[in-house]
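K.L.:
Sequence plus the predicted model coming up.
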Amino acid sequence: MPNRRSSSTTFSRHAVAVLGLGPMGRALAGALLAAGHPTTVWNRSPGRDAELLALGARSAASAAEAVADAPLVLLCVRDHAAARAVLDAAGAALRGRTVVNATSIAPDEARADARYAEARGFRLLDAAVLTPTPTIGGPEGTVLLSGDPETFAVHEETLRALGTVRHVGADPGRAAAYDAALLDLFWTSVHGWVHALALARAEGISGAELAPYAQGLPRILAPLIDDFARRADERHHPGDRSSLASAEAGLTHVAHTARARGLDSSVLDAALALTRRAVDAGHGPDGVSALVELLSVRSCDRSGAPDRRS
(Lines give C-alpha, C1' and ligand atoms only; values in the text may rest on other atoms or scores of the structure.)
Protein backbone atom coordinates (compact mmCIF):
# COMPACT_ATOMS: atom_id res chain seq x y z
CA MET A 1 0.00 0.00 0.00
CA PRO A 2 1.29 3.51 -0.76
CA ASN A 3 2.36 5.61 2.20
CA ARG A 4 -0.20 8.40 2.06
CA ARG A 5 0.94 11.78 3.28
CA SER A 6 -0.93 14.70 4.74
CA SER A 7 -2.14 17.38 2.33
CA SER A 8 -1.10 20.12 4.76
CA THR A 9 0.63 23.08 3.14
CA THR A 10 3.05 23.42 6.08
CA PHE A 11 6.20 21.66 4.95
CA SER A 12 9.95 21.71 5.13
CA ARG A 13 11.52 23.48 2.19
CA HIS A 14 13.84 20.48 1.84
CA ALA A 15 11.03 18.04 1.04
CA VAL A 16 10.96 16.97 -2.61
CA ALA A 17 8.60 15.00 -4.84
CA VAL A 18 9.91 13.10 -7.85
CA LEU A 19 7.40 12.37 -10.60
CA GLY A 20 8.60 9.77 -13.10
CA LEU A 21 10.74 6.79 -12.16
CA GLY A 22 12.54 5.82 -15.31
CA PRO A 23 16.31 5.31 -14.97
CA MET A 24 17.02 9.05 -14.67
CA GLY A 25 14.07 9.72 -12.37
CA ARG A 26 15.25 6.95 -10.04
CA ALA A 27 18.77 8.38 -10.10
CA LEU A 28 17.49 11.85 -9.20
CA ALA A 29 15.37 10.48 -6.35
CA GLY A 30 18.25 8.36 -5.10
CA ALA A 31 20.58 11.36 -4.97
CA LEU A 32 18.03 13.40 -3.03
CA LEU A 33 17.54 10.56 -0.53
CA ALA A 34 21.30 10.14 -0.14
CA ALA A 35 21.54 13.83 0.71
CA GLY A 36 18.89 13.47 3.40
CA HIS A 37 15.94 15.13 1.69
CA PRO A 38 12.50 13.69 2.50
CA THR A 39 11.45 12.39 -0.90
CA THR A 40 8.07 11.27 -2.17
CA VAL A 41 7.99 9.34 -5.44
CA TRP A 42 5.30 8.55 -7.99
CA ASN A 43 5.24 6.85 -11.36
CA ARG A 44 2.41 6.41 -13.85
CA SER A 45 2.95 2.64 -13.93
CA PRO A 46 3.57 0.95 -10.56
CA GLY A 47 6.47 -1.25 -9.54
CA ARG A 48 9.47 1.01 -10.11
CA ASP A 49 9.84 2.40 -6.60
CA ALA A 50 10.87 -0.67 -4.57
CA GLU A 51 14.55 0.22 -4.36
CA LEU A 52 13.75 3.84 -3.50
CA LEU A 53 11.28 2.80 -0.79
CA ALA A 54 14.03 0.66 0.74
CA LEU A 55 16.18 3.78 0.87
CA GLY A 56 13.49 5.72 2.72
CA ALA A 57 11.35 7.25 0.00
CA ARG A 58 7.60 7.58 0.45
CA SER A 59 5.25 6.37 -2.25
CA ALA A 60 2.20 8.29 -3.44
CA ALA A 61 -0.86 6.96 -5.17
CA SER A 62 -1.18 9.95 -7.51
CA ALA A 63 0.80 12.89 -8.81
CA ALA A 64 -1.38 15.26 -6.78
CA GLU A 65 -0.74 13.31 -3.58
CA ALA A 66 3.00 13.21 -4.30
CA VAL A 67 3.35 16.99 -4.47
CA ALA A 68 1.05 17.76 -1.53
CA ASP A 69 3.84 18.19 1.04
CA ALA A 70 6.69 19.14 -1.29
CA PRO A 71 7.64 22.73 -2.15
CA LEU A 72 9.98 21.35 -4.82
CA VAL A 73 8.88 18.88 -7.49
CA LEU A 74 11.20 17.14 -9.96
CA LEU A 75 9.52 15.90 -13.13
CA CYS A 76 11.35 13.43 -15.34
CA VAL A 77 9.31 11.52 -17.90
CA ARG A 78 9.59 10.33 -21.49
CA ASP A 79 8.74 13.46 -23.48
CA HIS A 80 6.91 16.78 -23.49
CA ALA A 81 3.46 15.25 -24.00
CA ALA A 82 3.99 12.95 -21.02
CA ALA A 83 5.25 15.86 -18.90
CA ARG A 84 2.14 17.93 -19.67
CA ALA A 85 -0.09 14.96 -18.87
CA VAL A 86 1.53 14.59 -15.44
CA LEU A 87 1.25 18.32 -14.72
CA ASP A 88 -2.40 18.23 -15.73
CA ALA A 89 -2.95 15.23 -13.44
CA ALA A 90 -1.34 17.03 -10.48
CA GLY A 91 -3.63 19.99 -11.18
CA ALA A 92 -4.31 22.46 -8.40
CA ALA A 93 -2.00 20.60 -6.01
CA LEU A 94 0.93 22.28 -7.79
CA ARG A 95 -0.19 25.79 -6.85
CA GLY A 96 2.55 27.63 -4.96
CA ARG A 97 5.19 25.01 -5.68
CA THR A 98 8.26 24.94 -7.91
CA VAL A 99 8.52 22.30 -10.62
CA VAL A 100 11.90 21.43 -12.07
CA ASN A 101 11.23 19.75 -15.40
CA ALA A 102 14.13 17.42 -16.16
CA THR A 103 12.33 15.90 -19.14
CA SER A 104 14.21 16.31 -22.43
CA ILE A 105 12.18 18.87 -24.36
CA ALA A 106 12.69 21.55 -27.03
CA PRO A 107 13.44 25.17 -26.05
CA ASP A 108 10.10 26.42 -27.35
CA GLU A 109 8.31 23.74 -25.33
CA ALA A 110 10.13 24.90 -22.19
CA ARG A 111 9.00 28.48 -22.83
CA ALA A 112 5.42 27.34 -23.38
CA ASP A 113 5.60 25.34 -20.13
CA ALA A 114 6.69 28.45 -18.22
CA ARG A 115 3.59 30.28 -19.46
CA TYR A 116 1.47 27.24 -18.59
CA ALA A 117 2.90 27.21 -15.05
CA GLU A 118 2.36 30.92 -14.52
CA ALA A 119 -1.28 30.62 -15.57
CA ARG A 120 -1.79 27.80 -13.03
CA GLY A 121 -0.06 29.40 -10.08
CA PHE A 122 3.20 27.46 -9.83
CA ARG A 123 6.80 28.21 -10.76
CA LEU A 124 8.80 26.26 -13.28
CA LEU A 125 12.50 25.77 -13.94
CA ASP A 126 13.65 23.78 -16.94
CA ALA A 127 16.54 21.38 -16.38
CA ALA A 128 18.91 19.72 -18.81
CA VAL A 129 20.70 16.71 -17.34
CA LEU A 130 23.91 16.47 -19.34
CA THR A 131 25.47 13.36 -17.84
CA PRO A 132 24.34 9.71 -17.47
CA THR A 133 22.60 8.21 -14.46
CA PRO A 134 25.73 6.83 -12.69
CA THR A 135 27.06 10.38 -12.30
CA ILE A 136 23.97 11.81 -10.62
CA GLY A 137 24.63 12.80 -7.01
CA GLY A 138 28.37 13.23 -7.56
CA PRO A 139 30.47 16.13 -8.84
CA GLU A 140 30.53 14.59 -12.33
CA GLY A 141 26.76 14.90 -12.55
CA THR A 142 25.96 18.08 -14.47
CA VAL A 143 22.55 19.73 -14.52
CA LEU A 144 21.82 23.06 -16.22
CA LEU A 145 18.74 25.01 -15.16
CA SER A 146 17.00 28.01 -16.65
CA GLY A 147 14.10 30.20 -15.64
CA ASP A 148 13.52 32.74 -12.89
CA PRO A 149 16.86 33.24 -11.05
CA GLU A 150 15.17 33.99 -7.72
CA THR A 151 13.28 30.70 -7.89
CA PHE A 152 16.54 28.90 -8.61
CA ALA A 153 18.23 30.62 -5.66
CA VAL A 154 15.50 29.43 -3.26
CA HIS A 155 16.07 25.78 -4.20
CA GLU A 156 19.74 25.81 -5.18
CA GLU A 157 20.95 24.10 -2.01
CA THR A 158 18.52 21.22 -2.46
CA LEU A 159 19.29 20.90 -6.16
CA ARG A 160 23.00 20.58 -5.43
CA ALA A 161 22.25 17.10 -4.15
CA LEU A 162 22.00 16.13 -7.82
CA GLY A 163 25.61 17.07 -8.62
CA THR A 164 27.06 20.16 -10.24
CA VAL A 165 24.16 22.49 -10.98
CA ARG A 166 24.35 25.76 -12.87
CA HIS A 167 21.74 28.39 -13.65
CA VAL A 168 22.28 29.43 -17.28
CA GLY A 169 19.74 32.22 -17.73
CA ALA A 170 16.28 33.61 -17.11
CA ASP A 171 14.98 32.46 -20.50
CA PRO A 172 13.07 29.26 -19.64
CA GLY A 173 14.22 27.63 -22.88
CA ARG A 174 17.94 28.23 -22.41
CA ALA A 175 18.77 24.95 -20.62
CA ALA A 176 16.88 23.01 -23.28
CA ALA A 177 18.83 24.89 -25.95
CA TYR A 178 22.13 23.81 -24.37
CA ASP A 179 20.77 20.26 -24.28
CA ALA A 180 19.72 20.28 -27.93
CA ALA A 181 23.05 21.72 -29.11
CA LEU A 182 25.08 19.20 -27.14
CA LEU A 183 22.90 16.28 -28.24
CA ASP A 184 23.38 17.51 -31.81
CA LEU A 185 27.13 17.09 -31.30
CA PHE A 186 26.75 13.77 -29.51
CA TRP A 187 24.45 12.05 -31.99
CA THR A 188 26.24 13.25 -35.11
CA SER A 189 29.50 12.04 -33.52
CA VAL A 190 27.97 8.65 -32.68
CA HIS A 191 26.62 8.36 -36.22
CA GLY A 192 30.05 9.22 -37.60
CA TRP A 193 31.67 6.45 -35.56
CA VAL A 194 29.04 3.87 -36.53
CA HIS A 195 29.39 4.84 -40.19
CA ALA A 196 33.17 4.61 -39.92
CA LEU A 197 32.84 1.09 -38.51
CA ALA A 198 30.62 0.10 -41.43
CA LEU A 199 33.04 1.57 -43.95
CA ALA A 200 35.99 -0.17 -42.30
CA ARG A 201 34.15 -3.48 -42.29
CA ALA A 202 33.38 -3.09 -45.99
CA GLU A 203 37.11 -2.74 -46.59
CA GLY A 204 38.02 -5.76 -44.47
CA ILE A 205 39.08 -3.83 -41.35
CA SER A 206 37.62 -4.98 -38.03
CA GLY A 207 36.30 -2.64 -35.39
CA ALA A 208 39.04 -3.79 -33.01
CA GLU A 209 41.68 -2.88 -35.59
CA LEU A 210 40.21 0.57 -36.21
CA ALA A 211 39.43 1.55 -32.62
CA PRO A 212 42.98 2.37 -31.43
CA TYR A 213 43.36 4.94 -34.21
CA ALA A 214 39.89 6.38 -33.58
CA GLN A 215 40.88 6.91 -29.96
CA GLY A 216 43.33 9.53 -31.14
CA LEU A 217 40.60 11.72 -32.63
CA PRO A 218 39.31 13.14 -29.30
CA ARG A 219 42.78 14.55 -28.68
CA ILE A 220 42.60 16.31 -32.05
CA LEU A 221 39.01 17.48 -31.60
CA ALA A 222 39.37 18.83 -28.05
CA PRO A 223 41.30 22.00 -29.00
CA LEU A 224 39.05 22.48 -32.04
CA ILE A 225 36.02 22.83 -29.76
CA ASP A 226 37.42 25.95 -28.09
CA ASP A 227 38.95 27.27 -31.33
CA PHE A 228 35.76 26.93 -33.37
CA ALA A 229 33.68 28.38 -30.52
CA ARG A 230 35.89 31.48 -30.46
CA ARG A 231 35.74 31.82 -34.24
CA ALA A 232 31.95 31.42 -34.24
CA ASP A 233 31.54 34.10 -31.57
CA GLU A 234 33.88 36.47 -33.42
CA ARG A 235 32.44 35.52 -36.84
CA HIS A 236 35.98 35.35 -38.11
CA HIS A 237 37.03 32.12 -39.84
CA PRO A 238 40.59 32.15 -41.20
CA GLY A 239 41.64 29.13 -43.20
CA ASP A 240 45.15 29.09 -41.75
CA ARG A 241 44.96 25.47 -40.54
CA SER A 242 42.26 23.88 -42.66
CA SER A 243 40.02 25.31 -45.35
CA LEU A 244 36.59 24.58 -46.74
CA ALA A 245 38.24 23.68 -50.06
CA SER A 246 40.30 20.96 -48.37
CA ALA A 247 37.26 19.78 -46.43
CA GLU A 248 35.35 19.43 -49.70
CA ALA A 249 38.13 17.29 -51.14
CA GLY A 250 38.24 15.08 -48.05
CA LEU A 251 34.49 14.61 -47.87
CA THR A 252 34.36 13.84 -51.60
CA HIS A 253 36.68 10.86 -51.39
CA VAL A 254 35.09 9.53 -48.19
CA ALA A 255 31.60 9.73 -49.71
CA HIS A 256 32.90 8.07 -52.90
CA THR A 257 34.43 5.24 -50.88
CA ALA A 258 31.19 4.69 -48.97
CA ARG A 259 29.05 4.66 -52.11
CA ALA A 260 31.46 2.32 -53.87
CA ARG A 261 30.90 -0.21 -51.09
CA GLY A 262 27.13 0.20 -51.20
CA LEU A 263 26.89 2.03 -47.88
CA ASP A 264 24.23 4.63 -47.12
CA SER A 265 26.07 7.91 -47.66
CA SER A 266 23.14 10.30 -47.08
CA VAL A 267 24.69 12.05 -44.06
CA LEU A 268 28.07 12.38 -45.78
CA ASP A 269 26.35 13.66 -48.91
CA ALA A 270 24.50 16.29 -46.89
CA ALA A 271 27.74 17.48 -45.29
CA LEU A 272 29.43 17.53 -48.70
CA ALA A 273 26.56 19.51 -50.27
CA LEU A 274 26.72 22.13 -47.51
CA THR A 275 30.49 22.45 -47.90
CA ARG A 276 30.21 22.77 -51.68
CA ARG A 277 27.66 25.56 -51.31
CA ALA A 278 30.17 27.51 -49.28
CA VAL A 279 33.03 26.81 -51.70
CA ASP A 280 30.89 27.72 -54.71
CA ALA A 281 30.02 31.01 -52.99
CA GLY A 282 33.72 31.88 -52.91
CA HIS A 283 34.58 30.78 -49.37
CA GLY A 284 36.93 27.91 -50.22
CA PRO A 285 39.90 29.64 -48.53
CA ASP A 286 37.93 30.19 -45.29
CA GLY A 287 38.20 27.87 -42.32
CA VAL A 288 35.77 25.02 -41.81
CA SER A 289 34.21 26.88 -38.86
CA ALA A 290 32.70 29.27 -41.43
CA LEU A 291 29.99 26.68 -42.02
CA VAL A 292 28.29 27.93 -38.86
CA GLU A 293 27.42 31.10 -40.77
CA LEU A 294 25.86 29.11 -43.60
CA LEU A 295 23.84 27.07 -41.11
CA SER A 296 22.71 30.19 -39.21
CA VAL A 297 20.01 31.61 -41.44
CA ARG A 298 20.04 35.01 -39.81
CA SER A 299 23.77 35.34 -40.44
CA CYS A 300 23.57 34.54 -44.14
CA ASP A 301 23.41 37.06 -46.94
CA ARG A 302 20.82 36.72 -49.68
CA SER A 303 22.99 34.32 -51.66
CA GLY A 304 23.19 31.97 -48.65
CA ALA A 305 26.96 32.41 -48.40
CA PRO A 306 28.69 32.55 -45.00
CA ASP A 307 28.96 35.99 -43.43
CA ARG A 308 32.71 36.61 -43.46
CA ARG A 309 33.73 39.29 -40.99
CA SER A 310 37.25 40.24 -40.07
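P.N.:
That came through fine.
K.L.:
Which parts of this structure are helices?
P.N.:
23-34, 50-54, 63-67, 80-90, 107-119, 149-159, 174-202, 207-214, 217-234, 244-260, 266-278, 291-295 (DSSP state H).
K.L.:
Reformat those as CSV; add mean neighbour count.
P.N.:
Just so you know, the C-beta spots here come from the backbone N, C-alpha and C atoms, and that holds for glycine as well. What follows is the helices of the chain, written out as CSV (neighbours: other Cβ atoms under 10 Å):
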stretch, mean neighbour count
helix 23-34, 23
helix 50-54, 14
helix 63-67, 24
helix 80-90, 18
helix 107-119, 18
helix 149-159, 16
helix 174-202, 15
helix 207-214, 11
helix 217-234, 12
helix 244-260, 16
helix 266-278, 17
helix 291-295, 19
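K.L.:
Can you say which of these is nearest to residue 136?
P.N.:
helix 23-34 (4.1 Å; Cβ to Cβ).
K.L.:
Excluding sequence neighbours, find me the nearest residue to residue 19.
P.N.:
Using Cβ to Cβ, 6 or more residues apart in numbering and skipping the chain neighbours, the partner closest in space to residue 19 is residue 75 (4.9 Å).
K.L.:
And residue 111, by the same measure?
P.N.:
Using Cβ to Cβ, 6+ apart, the closest residue to residue 111 is residue 173 (4.5 Å).
K.L.:
Could you measure from that neighbour over to residue 86?
P.N.:
Separation of residue 173 from residue 86 (Cβ to Cβ, to the nearest Å) stands at 20 Å.
K.L.:
so what's the residue nearest to residue 111 up against?
P.N.:
106-111, 126, 146 (Cβ atoms under 8 Å, 6 or more residues apart in numbering).
K.L.:
Return the closest of the residues you listed with respect to residue 287.
P.N.:
Nearest member of the contacts of residue 173 to residue 287, counting by Cβ to Cβ, is residue 107, at 28.1 Å.
K.L.:
Wait, that closest one touches residue 178, no?
P.N.:
No - counting by Cβ atoms under 8 Å, residue 107 stays clear of residue 178, with 9.2 Å between them.
K.L.:
Show me the contact partners of stretch 30-39.
P.N.:
With Cβ under 8 Å, 6+ apart as the criterion, stretch 30-39 contacts 12, 14-18, 29, 51-52, 55-58, 74, 136-137, 141, 158, 161-163.
K.L.:
Now, of those, which are buried?
P.N.:
14-18, 29, 52, 57-58, 74, 136-137, 141, 158, 161-163 (16 or more other Cβ atoms under 10 Å).
K.L.:
how long is stretch 112-129 end to end?
P.N.:
For stretch 112-129, the first-to-last residue distance is 20 Å (Cα to Cα, to the nearest Å).
K.L.:
when you give positions from now on, start the count at 655
P.N.:
Noted, 655 is the first residue going forward, which turns the last one into stretch 766-783.
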